[in-house]
Each structure stands twice: as structure tokens, then as C-alpha cells.
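>>> Model the following, please.
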Amino acid sequence: MREVQDGVTRLLAETVRAEIDSERCPPWLRRPGRIECLALWETASAIYGALTGLVLPELAPPREGRRLDVLLTYENGDRQILEVDEEQHFTAARALTLEHYPAGVRIGFDASQWLARCHTRTGKERGGGFARPRPPLFPGEGGRHRQRAFRDALADLLPPLHGWLPTIRISDTEATAVTSAQDAAQSLRTLLHGRGVPVSSLVPVRGAAGSVLRPRS
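Residues are numbered from 1 along each chain as shown. All right, here's what the predicted structure looks like:
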């Protein structure tokens, strides 16, 4: 549900020192092919092959495109993607992509938690528009699930290759806990610090006496 993402986005201005852009995407992630995947082209190809049984074209079809939940540009110029993952991001297809990540890959979330939730939802993937074919790269029933999983994988794997900080993911259950907390901004601040937002880019917390409380390192 969009309101889960919006709840987190509204809190970001109180939480991080950054330019906050919603529903945008860097050019190298909009239609990534061999050039954009750089050293991880073979990994991307293997993931796509496992999802579809097809060969990933070196140039993405022109109709391919995407938008991300949030792009953060910090005061020092560093950039980072933030995604809020709802239930449709926890599928068998997503589990398959996570299982193909190279050892030591830099990501901004606990992949084991994401994988565990994907496994608990096996056989419970949503139908209808969530499962419709998405040709030409993802034909057939369930195409949208495979497309989403592949795009999530690329959003995780490619940013460090392009000089961006690792992508942060927040699950819908985490987002709900944050937005319903007594001090929602502080709850989000703590979560983001744990996911890899530089402490220098977090807005300090002020205590009752005006003292500055900084996130735990």
C-alpha cells in the first residue's frame, strides 16, 4: 500500500540531511544492460536466466523503465537509494535472486531476513495484476513477480559499482513499527543508522534540556 511508503517518506525530512526525491531513478538503473552492470554482468545474467530460462539481452528493450521509492542526496554529495518493500516484494522469485548474490556484496539491509520472509510466503504470491506477463523480458504468467524481483536485485547490486552507497531496504512491517512509534522520527533515525546512512547525514536528536543526542555508533 502506498501509504506505508508515504509514511516513511514524510519522516525523512526530520531524520536525514539530504535532498529527497521520490519516484525517480538514475539513468544507469532505468534500463541496465551489459554496460550498466559493469563487473556484475555475469551475475545479472545468471539471475535473469534462473528466473526465466532465457538469455538476458546486452541492451535492455526501450520500453523497460522504472522508478524508485526514494533517492537521497546527502550534503557531502553521496547518494543512496531507499526502498520500502511491501508484501509483493517477498516472493519465491525474490528468494531466488537473493540466493544468487555474490559473497561479500555490499547491501543496506539484512538479506537473511528478507530471504526468510520470502520462504515463508512460498505459494502465497498474489495473482491478478501482480502476476501478469511483462514481455518482452518477463513473458508468461507470473512475469510481474519475476520482473519485480530482478529489478530489486539490480537496485541492490549496481549502486556501489556506480559510486553510490548501498541501497537501503525497509520492510512494510518495519515501516509500520516506525511510523506508529511514540517518537517516529527517532525510530526511523535509529533504523537508518543501522542500515548504513552515514551518521554525519542524520539529523541530531535534541533532548529535553536541549542537549544533542546522537544516534548510537
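>>> alpha carbons only for contacts and neighbour counts from here, please
OK.
>>> how much space between the residue nearest to residue 202 when sequence neighbours are not counted and residue 86?
Spatially, and ignoring its direct neighbours in sequence, residue 202 is nearest to residue 16 (4.4 Å; C-alpha to C-alpha, 6 or more residues apart in numbering). Note on residue 16: its distance to residue 86, by C-alpha to C-alpha, to the nearest Å, is 22 Å.
>>> And those two? Which one has more around it.
A count of neighbours by other C-alpha atoms under 10 Å puts residue 16 above the other of residue 16 and residue 86, at 26 against 16.
>>> need the contact list for the residue nearest to residue 202.
By C-alpha atoms under 8 Å, 6 or more residues apart in numbering, the contact set of residue 16 is 189, 201, 202, 203.
>>> So which of the residues you listed wins on neighbours?
Compared across the contacts of residue 16, residue 189 has the highest neighbour count, 25 neighbours, by other C-alpha under 10 Å.
>>> Could you check how far it is from residue 38?
Where residue 38 is concerned, residue 189 sits at a distance of 33 Å (C-alpha to C-alpha).
>>> Report how many residues lie close to residue 160.
Neighbour tally, residue 160, other C-alpha under 10 Å: 16.
>>> Phi, psi for the nearest residue to it once chain neighbours are set aside please.
Leaving aside its chain neighbours, residue 160 sits nearest to residue 166 (5.9 Å; criterion: C-alpha to C-alpha, 6+ apart). Residue 166 adopts backbone torsions of phi -60, psi 140, taken as degrees, to the nearest 10.
>>> So in the chain, where's the weakest helix or strand by average pLDDT?
strand 212-213 (a mean of 39; mean pLDDT, DSSP states H and E).
>>> What's opposite the residue nearest the centre of the chain in the beta bridge?
Nearest to the geometric centre of the chain sits residue 83, at 3.9 Å (C-alpha atoms, centre = their mean). Residue 83 has these beta-bridge partners by DSSP bridges: residue 169.
>>> For it, give me the pLDDT.
Predicted confidence (pLDDT) for residue 83: 97.
>>> Surely it is in contact with residue 89?
No - look at residue 83 against residue 89 with C-alpha atoms under 8 Å: they stay out of range, at 10.5 Å.
>>> just to revisit the earlier point, give the contact list for the residue nearest to the centre of the chain.
When contacts are counted by C-alpha under 8 Å, 6+ apart, residue 83 is found next to 68, 69, 70, 167, 168, 169, 170.
>>> top of those by neighbour count?
Within the contacts of residue 83, residue 167 tops the neighbour count with 25 neighbours, counted by other C-alpha under 10 Å.
>>> Can you read off the backbone torsions of that residue?
The phi and psi values for residue 167, taken as degrees, to the nearest 10, are phi -60, psi 130.
>>> Need the pLDDT of it.
Residue 167 carries a pLDDT score of 97 in this model.
>>> All the helices of this structure, in order from the start?
2-12, 27-30, 34-37, 41-52, 92-99, 111-120, 143-157, 172-179, 184-195 (DSSP state H).
>>> so which of those gets nearest residue 74?
helix 2-12 (12.0 Å; C-alpha to C-alpha).
>>> And the contacts of that closest one?
Helix 2-12 is contacted by residues 20, 69, 70, 84, 172, 175, 176, 178, 179, 184, 185, 188 when judged by C-alpha under 8 Å, 6+ apart.
>>> And for stretch 131-138?
By C-alpha under 8 Å, 6+ apart, the surrounding residues in contact with stretch 131-138 are 52, 56, 61, 139, 140, 141, 142, 143, 144, 145, 146, 147.
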